[in-house]
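In: quick one, what's the 3D model for this:
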Amino acid sequence: MAPFEAMTSNNHSGSNFTSSLGRLVEEETQQPIMTADKVDPNHPALQGSLTPPANCPSSKVLNFSPGPTNLPAAVESTILRRCFPDPSTKRLGSMALSHRSPEFGAILRNSIALTRRVMEVPPEYEILFTQGGGHGQFAAVPMNLCPDKDAKATYIVSGTWSSRAVIEAKKYCTPTTISSVNEDGATFTSFPSAERIVAEHDPESKFIYMCSNETVNGIELHRLPVFDDVDNTTVPPLVVDASSDFTSKPISWRKSNVGILFACASKNIGHPGITMVIIRKDLLGQANPFTPGFLNYETNILADNVWNTIPTFNVDVIGIMMEWILDQGGIEAMEENSVAKAELMYGLIEDSNGFYGTPIDKSSEEIRSRMNVPFCVAGGDEELTNLFLVECWNRGIVGLRTVTPFKQGIYLRASLYHGVSYEETVVLANFMKEFAARHSISKDVGETTMVAENVSSAMEPASPDSSCVDLSIFSSSPTGVDMALTLPKNFKVSSYTKISRDMFAPPALAPASTTLR
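Out: Take a look at the predicted model:
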């Protein structure tokens, strides 16, 4: 059997989408916890539940969680077959292998080699698999690069995760902070320019730290900065937290002077419980003597990555995920797919005539995250936002608001990692269009009128089952995907909405070049 024989088509024509995802809708049963447009604040959807109701018409949960999240269906199928073999094969899966066995040694070398190939990692870098997640690396980075607390470092603070990183770093080094926080002292909608970083960084810094994608704030560097293009100034090596965008775009390892890049697995490359660290060899040997062994990069490299028991299964999964990326066409194809999904979502937001909003304005689209699209409903209207979440949950669309240690705020997030296909993004986009059409106010030049006043007399209320998303439409067009919104038969617009004339225009098809193999 081929490695990904079970894989359905992942191109944007969606020709096999119906067979892989099935019908999302047969009928919808309204939840007793919801009455009209009022939602019980204890509704599971408002508590971050990722499990739709038992009578949900979906045959598959559409998971837009910020992580952990699911992997592509073909990868999960391969994991099930390869990592959990039938007993009759008389072989052990990776979860049962000793981390020092020759069988696992082969898996470890394969995963490292595949990662190096996919991401074009130069030979002067070592690849480690560690534990402790991103927070573990918040401590490990300064402990490995700063021999004592007096050592200097520069931290670029552009959102939630880089803010947390510098707080941890203060225990182990003396950081200088270059922040893009807004005047309110809490929000972020920009990233410091390369010129500013060159001007304000501490020249004695052991490293410059940044997060390439802030999942909470929706800010992403589509390419790492190249400081030599500013004024040919030599700056300290770059440390990059790429936990949520690793494998979604190429990395300019040498040109950007990357010293360390780390990525938690649970977004785009695997399951939670393992973190990949890629470190340039010349930076080894500088660790604080109090650095714990399992966080010490040099200790683990000298022990061939098995100084302690690493999560064998998770290493295997990363290798399978890297195989899948190569099978899809490599890193270029991953970036094309990520761009297509993000453009679909941002385009819908911009065309909603204000019904949906996002904190990163179109004028700053060069830093809009492709991985995590934050959006609000009707300017953050609490009742409509809650209703939106409940209706999504009833349809099997989950993860748009999960429980976090951060302030909830008005924004939801659609996370578009590799486990979310373009076709699944279309399902969310079509539902968002339908929801906006049912809860908007017309905004014509010079006057504002209620749409319901003009159409309610000619329409009856929609039936409960008509508002579900029917995935059978994905095989109805010549191209295999009909992305036009199918409205309920007896569609009625309520008095909340702002309808624009192109509200019902279909999402733009992705360019032909974004088709994945």
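
In: how many neighbours does the closest residue in space to Ser58 that isn't next to it in sequence have?
Out: Among residues not flanking Ser58 along the chain, Gly396 sits closest, at 2.9 Å (CB to CB, 6 or more residues apart in numbering). Any C-beta I mention is one placed from the backbone N, CA and C, and that applies to glycine too. Residues near Gly396, counting by other CB atoms under 10 Å, number 22.

In: check contacts around Gly396.
Out: The contact partners of Gly396, taken as CB atoms under 8 Å, 6 or more residues apart in numbering, are 24, 52, 56-58, 60-62.

In: try 6 Å this time
Out: For Gly396, the contacting residues are 52, 56, 58, 61-62, by CB atoms under 6 Å, 6 or more residues apart in numbering.

In: which helix in the protein runs the most residues?
Out: helix 331-350 (DSSP state H).

In: let me see the mean pLDDT of it.
Out: Taken as a whole, helix 331-350 has a mean pLDDT of 98.

In: partners of the helix or strand just after it in the sheet?
Out: As assigned by DSSP states H and E, the chain's next helix or strand after helix 331-350 is strand 356-357. Taking DSSP bridges as the criterion, strand 356-357 sits next to strand 372-377 (antiparallel) in its sheet.

In: if you drop the residues flanking it in sequence, what lies closest to Pro289?
Out: Pro147 (7.7 Å).

In: helix/strand/coil for the one you found?
Out: coil (DSSP: H, G, I helix; E, B strand; the rest coil).

In: and the gap between it and Asn288?
Out: According to CB to CB, to the nearest Å, Pro147 and Asn288 sit 6 Å apart.

In: pretty sure Ala139 contacts Glu168?
Out: Yes: between Ala139 and Glu168 there is a contact at 5.5 Å, judged by CB atoms under 6 Å.

In: for Leu295, which non-adjacent residue is spatially closest?
Out: Ala140 (4.3 Å).

In: would you say the one you found is within a helix?
Out: Yes: Ala140 forms part of a helix when assessed by three-state DSSP.

In: that one contacts Asn296, doesn't it?
Out: No: using CB under 6 Å, Ala140 is not in contact with Asn296, being 8.1 Å away.

In: give me the contacts around stretch 359-377.
Out: Contacts for stretch 359-377 (CB under 6 Å, 6+ apart): 189, 191, 213, 215, 218-220, 244-245, 338, 342, 345, 349, 356-358, 384-385, 388, 410-415.

In: no, scratch that, I was asking about stretch 90-97
Out: With CB under 6 Å, 6+ apart, stretch 90-97 has contacts from 83-85, 103-104, 107, 312-313, 316.

In: could you dump these to CSV with distance to Phe435, neighbour count and pLDDT?
Out: Below are those laid out as CSV (distance: CB to CB, whole Å; neighbours: other CB atoms under 10 Å; pLDDT from 0 to 100):
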residue, distance to Phe435, neighbour count, pLDDT
Cys83, 39, 19, 95
Phe84, 40, 12, 95
Pro85, 45, 15, 94
Glu103, 51, 14, 97
Phe104, 48, 21, 97
Ile107, 45, 22, 97
Thr312, 44, 24, 97
Phe313, 40, 20, 97
Asp316, 41, 23, 98
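
In: identify, from those residues, the entry nearest to Val121.
Out: Ile107 (18.4 Å; CB to CB).

In: does the closest residue to that closest one other than its chain neighbours lie in a helix or a strand, and which?
Out: In space, and not counting its chain neighbours, Ile107 is closest to Asp316: 5.1 Å by CB to CB, 6+ apart. Taking DSSP H and E as the definition, one finds Asp316 inside helix 312-328.

In: alpha carbons of that helix, as PDB, please.
Out: C-alpha atoms of helix 312-328 as PDB (Å, rounded to 0.1, in the frame of the first residue of the first chain):
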ATOM      1  CA  THR A 312       8.900   7.900  20.200                       C
ATOM      2  CA  PHE A 313       5.400   7.900  18.800                       C
ATOM      3  CA  ASN A 314       5.500  11.700  18.200                       C
ATOM      4  CA  VAL A 315       8.800  11.500  16.400                       C
ATOM      5  CA  ASP A 316       7.300   8.900  14.100                       C
ATOM      6  CA  VAL A 317       4.200  11.100  13.500                       C
ATOM      7  CA  ILE A 318       6.400  14.100  12.500                       C
ATOM      8  CA  GLY A 319       8.200  11.800   9.900                       C
ATOM      9  CA  ILE A 320       4.800  10.800   8.500                       C
ATOM     10  CA  MET A 321       3.700  14.400   8.300                       C
ATOM     11  CA  MET A 322       6.900  15.400   6.500                       C
ATOM     12  CA  GLU A 323       6.300  12.600   4.000                       C
ATOM     13  CA  TRP A 324       2.800  14.000   3.400                       C
ATOM     14  CA  ILE A 325       4.200  17.500   2.700                       C
ATOM     15  CA  LEU A 326       6.600  16.100   0.200                       C
ATOM     16  CA  ASP A 327       3.800  14.100  -1.400                       C
ATOM     17  CA  GLN A 328       1.700  17.300  -1.700                       C
END
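
In: check contacts around the closest residue to Met210 other than its chain neighbours.
Out: Nearest residue to Met210, sequence neighbours excluded (CB to CB, 6+ apart): Ile156, at 4.1 Å. Shown in contact with Ile156 (CB under 6 Å, 6+ apart): 178, 192, 210.

In: same check, this time on Lys281
Out: Lys281 neighbours (CB under 6 Å, 6+ apart): Glu124.

In: which phi and psi does it have?
Out: Per-residue torsions, Lys281: phi -60, psi -30 (degrees, to the nearest 10).

In: quick one: the strands in the stretch 151-300 of the chain, in order.
Out: 152-157, 174-179, 208-211, 213-214, 219-220, 238-241, 258-264, 275-280 (DSSP state E, counting those that start in this stretch).

In: make JSON lines from those and add distance to Val427 and mean pLDDT to it.
Out: Listed next are the strands of the stretch 151-300 of the chain as JSON lines, based on distance: least, CB to CB, whole Å; pLDDT from 0 to 100:
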{"stretch": "strand 152-157", "distance to Val427": "36", "mean pLDDT": "98"}
{"stretch": "strand 174-179", "distance to Val427": "38", "mean pLDDT": "97"}
{"stretch": "strand 208-211", "distance to Val427": "30", "mean pLDDT": "98"}
{"stretch": "strand 213-214", "distance to Val427": "24", "mean pLDDT": "96"}
{"stretch": "strand 219-220", "distance to Val427": "23", "mean pLDDT": "98"}
{"stretch": "strand 238-241", "distance to Val427": "31", "mean pLDDT": "98"}
{"stretch": "strand 258-264", "distance to Val427": "27", "mean pLDDT": "97"}
{"stretch": "strand 275-280", "distance to Val427": "31", "mean pLDDT": "98"}
